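Undergrad: coords below, sequence missing:
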Ligand SMILES: Cc1cc2nc3c(=O)[nH]c(=O)nc-3n(C[C@H](O)[C@H](O)[C@H](O)COP(=O)(O)OP(=O)(O)OC[C@H]3O[C@@H](n4cnc5c(N)ncnc54)[C@H](O)[C@@H]3O)c2cc1C
Ligand code: SF4
């Protein structure tokens, strides 16, 4: 029989919890649990560092024809992982401390309609987050004239554009436009702050620590198995919380003999761009405002991935203005080890067409010519949905297919695609999971 992993601190027996992943879900759980449990955070990637290379240099490589596939980003900037689904859709996620939050565009939107509909009330958790995270709208002063014009046109079209709430220390922001490469000025908030807080409270944070599977015996989790690196081997735990993201968590569960549902959503993104001399959008805060439509949203967003790798994007970076369409896609496909199966359904394609028509109309109204409008590369970076919560689990947040001491705390639990930035909602849900774990400890 294996010895109990609990650790004795003073006279109190403290249970040991392993949290897998340090992104939106994982860092939140680690911060909440540390103290009540002795937490070890296991993160596959390294300590995050922003991409500091001059983007003009990368543009030069592009012009020389040396950038030919999105997966080259994995070499240039390893904290951003790019993979292609079987349908060739480009999938993006962050690997390293802070997970994908380090490469996000800082949008902090509450998006819990679907969770509320099944009886999960996160009001208290969102309230707490609003006190813990700097969220500001104070970025309009940085908007370029063109963005103000596009905003005005959206208003005239009755599209009700709204400035995006941003997780940022605004006084430090230089509006450089490089959020997706990591912020060099420490202006953008990401979950490394929660991770550091957990560590200051006594948690252990391991990097280069890829969890291969959860070790289960007789319906009970004994710990996790780490593949490769200096942490390789079995790590015992009383409790395991998986927050390895919408791609990572189902892969670990599958490796542990627990099949998820083939209901993957990814929030596909397609950018519609236009030639606009002197636009300067590549050096502007990304997604400064959002237009919400039924099952898709539109926001100004300079799509560096398309700019570097898509041949349609042939104008200089400074002369392109781009609008992102982000879909709430239908659940289908899944993760099989490192392979991702995901394609658009007919309904998704119809929605995307609707978004393209609308953005083309916006461009026409700001004076862009039809023959200078072009599309970007279909990509996605909000995976989840493969172990969706239902009404039955609204009180426990625990899927019955999991052992009692194994929990999930990321977008894998979302019943539906949000078609919207999910970080804030993932963190609120992770807080709720943590509170239940503390109450049951
Ligand atoms: C370019 C981009 C911009 C975005 N901008 C926004 C935005 O502005 N606002 C917003 O709300 N959302 C945004 N998102 C989405 C958001 O960042 C993610 O949906 C969110 O971070 C997911 O949180 P998570 O905890 O589920 O996973 P992640 O934050 O991805 O964290 C998972 C972590 O687990 C680690 N991991 C994976 N597998 C293993 C394993 N086997 N063992 C150990 N560790 C593992 C990963 O390395 C990663 O660090 C953006 C996404 C992208 C790609
Ligand atoms: S625009 Fe630049 S300075 Fe501002 S948060 Fe993003 S990366 Fe940081």
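TA: Done, it's in. In this text the structure is predicted, and so the values were computed from the model without any measurement. Ligands and ions are numbered 1, 2, ... in the order given.
Undergrad: After the helix or strand of the chain with the lowest mean pLDDT, which helix or strand is next?
TA: The helix or strand of the chain with the poorest confidence is strand 7-9; it has a mean of 59 (mean pLDDT, DSSP states H and E). Counting by DSSP states H and E, the next helix or strand C-terminal to strand 7-9 is strand 12-20.
Undergrad: Is ligand 1 within reach of that following strand?
TA: Yes. Using CB under 6 Å from any ligand atom, strand 12-20 comes into contact with ligand 1 via residue 20. To be clear about C-beta, it is placed using only N, CA and C from the backbone, and glycine gets the same treatment.
Undergrad: counting contacts, what elements does that strand pack onto?
TA: strand 7-9, helix 24-33, strand 37-42, strand 220-227, strand 239-242, helix 245-255 (3 or more CB pairs under 8 Å, 6 or more residues apart in numbering; DSSP states H and E).
Undergrad: Make CSV from these and add mean neighbour count and distance to residue 311 to it.
TA: Formatted as CSV, the helices and strands packed on strand 12-20 follow (neighbours: other CB atoms under 10 Å; distance: least, CB to CB, whole Å):
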stretch, mean neighbour count, distance to residue 311
strand 7-9, 11, 57
helix 24-33, 31, 34
strand 37-42, 25, 40
strand 220-227, 19, 38
strand 239-242, 27, 39
helix 245-255, 25, 28
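Undergrad: got a list of what the residue of the stretch 201-350 of the chain found nearest ligand 2 touches?
TA: Of all residues in the stretch 201-350 of the chain, residue 285 sits closest to ligand 2, at 5.0 Å by CB to the nearest ligand atom. Each residue near residue 285 by CB atoms under 8 Å, 6 or more residues apart in numbering is listed here: 139, 142-143, 166, 173, 175, 177, 179.
Undergrad: So it: helix, strand or coil?
TA: coil (DSSP: H, G, I helix; E, B strand; the rest coil).
Undergrad: pLDDT score assigned to it?
TA: At residue 285, the predicted lDDT confidence score is 96.
Undergrad: would you say residue 56 is within a helix?
TA: Yes. Residue state for residue 56 (three-state DSSP) corresponds to a helix.
Undergrad: per-residue confidence at residue 70?
TA: What the model reports as pLDDT for residue 70 is 89.
Undergrad: any idea how far ligand 2 is from it?
TA: 21 Å (CB to the nearest ligand atom, to the nearest Å).
Undergrad: Over to residue 42?
TA: From residue 42 across to ligand 2, the span is 28 Å (CB to the nearest ligand atom).
Undergrad: Not counting sequence-adjacent ones, nearest residue to that residue?
TA: Leaving out its chain neighbours, the residue that sits closest to residue 42 by CB to CB, 6 or more residues apart in numbering is residue 209, at 4.3 Å.
Undergrad: ok so, going back, would you turn the contacts of residue 285 into JSON lines with neighbour count, pLDDT and secondary structure?
TA: Formatted as JSON lines, the contacts of residue 285 follow (neighbours: other CB atoms under 10 Å; pLDDT from 0 to 100; DSSP: H, G, I helix; E, B strand; the rest coil):
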{"residue": "139", "neighbour count": "20", "pLDDT": "92", "secondary structure": "coil"}
{"residue": "142", "neighbour count": "16", "pLDDT": "91", "secondary structure": "helix"}
{"residue": "143", "neighbour count": "19", "pLDDT": "95", "secondary structure": "coil"}
{"residue": "166", "neighbour count": "26", "pLDDT": "96", "secondary structure": "strand"}
{"residue": "173", "neighbour count": "21", "pLDDT": "92", "secondary structure": "coil"}
{"residue": "175", "neighbour count": "17", "pLDDT": "92", "secondary structure": "coil"}
{"residue": "177", "neighbour count": "20", "pLDDT": "95", "secondary structure": "coil"}
{"residue": "179", "neighbour count": "22", "pLDDT": "97", "secondary structure": "helix"}
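Undergrad: just those residues now: which is nearest residue 53?
TA: Nearest to residue 53, judged by CB to CB, of those is residue 177 at 14.6 Å.
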